[in-house]
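>>> just coords:
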């Protein structure tokens, strides 16, 4: 019956696909309606996998949404052999291919529902599986057969557990790619979204204007003045390029490349657009004065010819070409995370022409509030009710989620590959053995043999970053850390609340969300490219259309979830500047720089020598 219902519901599932997530979230179902096998419960004491008997075993199928890199040979990798020995679980992985939604629905309709399913946030089939009680609640399985997993979730990763149970009591997945606030305290959680400027051009401008202080460049007018002069100096359209003080002009040079909606959002973060009001209510940040100020500023730059229209039509590949060829003075949007795959900001590590971070503030000079890299995950790992041995699979999940499991699947065996780094100030940090460093340099067969980082579906990214040995870092890792050195101080562990709403909305609210986002996505570029005198009226019109599409009703639902989350966390405010602990780190209230190293450039703390 359920498989037939899944198929019928799939006919309408497309309307739920977009930037939103699993509509039932982790609270759409309670523990009722599930039938659990009658295996003996596991004692509370110790780690659950220590209770796996020598004769306990399970062969399971694990479905992976659309990434073939997750399909590994479970029996022939060093670390996975150890996991199998500890948990008794042998895994056969299958991937969804070009149409992962259709592939998964076909498995279900043919009575081949996998034991474990790993899906991306947007999976409509997974939403329906949860709605139809085809996925076990993780917390209920753990209560019976892995009490140590519940302890981990409600202690070491309590913020993740609270986030995903804000709308109810059940947790239906363990995420991949999560950043826990408790683990991020051990490291500097980087931001992936900010502005960069060509370092050679910036330094040329500062050198040629000794009367201009760095703090003045970090204002709207200061940045625009600099951008305009650099554009007029180093751009040419006809004839031959000239070389000015060692910097060669660029034909059809861009001023500021804005990475579409990501770039607009990033400017709004520089301008400190909040998602919470001063009295603690949820607000869609796009409707705030600070967000409008960011749009108005970008509109001004565009109308003065400093933002190319192609910013809103270029593919990521086209943007990558522009940035790797250094054809843009500045860039705003996703930098660190997308640099290697999409924008290649860091290519040419040893080339003098490079990009360096830049800070800008709103008209009131308020502190920028950038997102840190912290997230609660982009993939979800779920145990289906078709699993014949959920008692063992939940122990597998427990081990993989534990610190011991994370160290094993990420870095290999203690003593054989790594030891604890006793020289640094981070108690979690590891250090690879000298023999392994030589293997890492060569990318030899030993890498495959040990299976390090081959199994990534259960990675707790904040733990990985906090433990990642630095003695095998290459140029990319080193450069990335150095870039983050300055901007991390302006990055805060807040989550865009829509991320929570997207996994906790009911079906009706999800439909409203799709309608609202459609209005925004179809009109946001026009807010930047319209005339200066039209931007306010056009902006008001777009917000009005969003309200007509259901924004008011949607915000009421978000407000309900927002207050539940704060209650779970035991706080009355979430926005960083509303917290008593908030302190300014960039400029003081009089506009004087607090960062002694200025508003741009890399910060080298405990320099790391790259191995390549």
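On my side now, so go ahead. Since this is a predicted model, take the numbers as computed values, not measurements.
>>> other SSEs contacting the helix or strand where residue 102 lies?
According to DSSP states H and E, residue 102 maps onto helix 100-109. Under the contact criterion of 3 or more Cβ pairs under 8 Å, 6 or more residues apart in numbering; DSSP states H and E, helix 100-109 touches helix 2-13, strand 116-120, helix 124-131. C-betas here are computed from N, CA, C, even on glycine.
>>> and it, which residues are buried?
100, 101, 103, 104, 105, 107, 108 (16 or more other Cβ atoms under 10 Å).
>>> and the closest residue to residue 57 other than its chain neighbours, how many neighbours?
Spatially, and ignoring its direct neighbours in sequence, residue 57 is nearest to residue 88 (4.6 Å; Cβ to Cβ, 6 or more residues apart in numbering). By other Cβ atoms under 10 Å, the residues close to residue 88 number 22.
>>> now do the one 10 residues further on
Burial measure for residue 98: 7 neighbouring residues, criterion other Cβ under 10 Å.
>>> please report how far the closest residue to it other than its chain neighbours lies from residue 80.
Excluding the flanking residues, the one nearest residue 98 by Cβ to Cβ, 6+ apart is residue 66, at 7.8 Å. Distance, residue 66 to residue 80, by Cβ to Cβ, to the nearest Å: 21 Å.
>>> of the two, who's got more company?
Taking neighbours as other Cβ under 10 Å, residue 66 and residue 80 compare with residue 80 leading, 20 against 17.
>>> you'd agree residue 359 is up against residue 218?
Yes: counting by Cβ atoms under 8 Å, residue 218 is a contact partner of residue 359 at 5.1 Å.
>>> the strand or helix carrying residue 257 pairs with which strands, parallel or anti?
Per DSSP H and E: residue 257 is located in strand 254-258. Next to strand 254-258 in the sheet, as set by DSSP bridges, lie strand 328-334 (parallel).
>>> picking up where we left off before, checking my notes, the residue nearest to residue 98 in a strand, right?
No: using DSSP: H, G, I helix; E, B strand; the rest coil, the assignment for residue 66 is coil, not a strand.
>>> low pLDDT regions in the stretch 301-450 of the chain?
335-353, 373-374, 424-427, 439-450 (pLDDT under 70).
>>> scratch that, the stretch 1-150 of the chain
Checking the stretch 1-150 of the chain against pLDDT under 70 turns up 1-32, 122.
>>> residue 543: which of the buried residues of helix 100-109 is nearest?
residue 101 (33.0 Å; Cβ to Cβ).
>>> what are the phi and psi values at residue 587?
phi -130, psi 150 (degrees, to the nearest 10).
>>> cool, and the one 5 residues further on?
The main-chain torsion angles of residue 592 are listed as degrees, to the nearest 10 and equal phi -90, psi 140.
>>> for residue 77, see how far away it is.
For residue 592 relative to residue 77 (Cβ to Cβ), the value is 55 Å.
>>> so residue 287 makes contact with residue 542?
No: if you go by Cβ under 8 Å, residue 287 and residue 542 don't touch, sitting 10.1 Å apart.
>>> quick one: residue 369 and residue 274, what's the gap?
Applying Cβ to Cβ to residue 369 and residue 274 gives a distance of 8 Å.
>>> I misspoke; the intended subject was residue 571.
15 Å.
>>> out of these two, which sits in the more crowded spot?
residue 274 (19 against 12).
>>> wait, the more buried one sits on residue 284?
No: with contact defined as Cβ under 8 Å, residue 274 does not reach residue 284; the gap is 10.5 Å.
>>> what's around residue 512, how many residues?
19.
>>> same check on the one 4 residues further on?
Residue 516: 23 surrounding residues under other Cβ under 10 Å.
>>> phi, psi for it please.
Given degrees, to the nearest 10, the pair of backbone angles that residue 516 has is phi -60, psi -50.
>>> low-confidence stretches in the stretch 151-300 of the chain?
Looking at the stretch 151-300 of the chain by pLDDT under 70, you get 167, 184-190.
>>> quick one on the thing from earlier: chain center to the strand holding residue 257, what's the gap?
Here the centre of strand 254-258 is set off from its chain's centre by 24 Å, with Cα atoms, centre = their mean, to the nearest Å.
>>> follow-up on the earlier one: can I get the buried residues of helix 100-109 in JSON lines including distance to residue 383?
What follows is those, written out as JSON lines (distance: Cβ to Cβ, whole Å):
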{"residue": "100", "distance to residue 383": "18"}
{"residue": "101", "distance to residue 383": "20"}
{"residue": "103", "distance to residue 383": "19"}
{"residue": "104", "distance to residue 383": "15"}
{"residue": "105", "distance to residue 383": "19"}
{"residue": "107", "distance to residue 383": "15"}
{"residue": "108", "distance to residue 383": "15"}
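>>> neighbour count: residue 287 and residue 542, which is higher?
residue 542 (19 against 15).
>>> residue contacts, the more buried one?
519, 520, 523, 524, 527 (Cβ atoms under 8 Å, 6 or more residues apart in numbering).
>>> quick one: secondary structure of the residue sitting furthest away from the middle of the chain?
Centroid-distance maximum for the chain: residue 239 at 44.4 Å, with Cα atoms, centre = their mean. Following three-state DSSP, the label given to residue 239 is coil.
>>> look up how far residue 298 lies from the closest residue to residue 77 other than its chain neighbours.
What sits nearest to residue 77 in space, not counting adjacent residues and going by Cβ to Cβ, 6+ apart, is residue 451, at 2.9 Å. Distance from residue 451 to residue 298, counting by Cβ to Cβ: 46 Å.
>>> again, but for residue 326
22 Å.
>>> do the same with residue 400
In terms of Cβ to Cβ, residue 400 sits 43 Å off from residue 298.
>>> please apply the same query to residue 37.
57 Å.
>>> so the two - more neighbours on which side?
Counted by other Cβ under 10 Å, residue 37 and residue 298 do not tie: residue 298 has more neighbours, with 24 against 11.
>>> so the more buried one sits in a helix?
Yes: assessed by three-state DSSP, residue 298 belongs to a helix.
>>> tell me who's in contact with it.
258, 263, 264, 267, 307, 528.
>>> pretty sure the fifth one contacts residue 259?
The reference is to residue 307. No: if you go by Cβ under 8 Å, residue 307 and residue 259 don't touch, sitting 11.4 Å apart.
>>> what are the ranges of the strands in the stretch 451-600 of the chain?
Ranges of strands within the stretch 451-600 of the chain are 491-492, based on DSSP state E, counting those that start in this stretch.
>>> ignore what I typed, I meant the stretch 201-350 of the chain.
Going by DSSP E, counting those that start in this stretch, the stretch 201-350 of the chain shows strands at 235-236, 243-244, 247-248, 250-251, 254-258, 328-334.
>>> which elements pack onto the first one?
In this structure, strand 235-236 packs against strand 250-251, with contacts taken as 3+ Cβ pairs under 8 Å, 6+ apart.
>>> so what's the gap between stretch 456-473 and the chain middle?
15 Å.
>>> for stretch 253-262, buried residues please.
By 16+ other Cβ under 10 Å, the buried positions in stretch 253-262 come out as 253, 254, 255, 256, 257, 258, 259, 260, 262.
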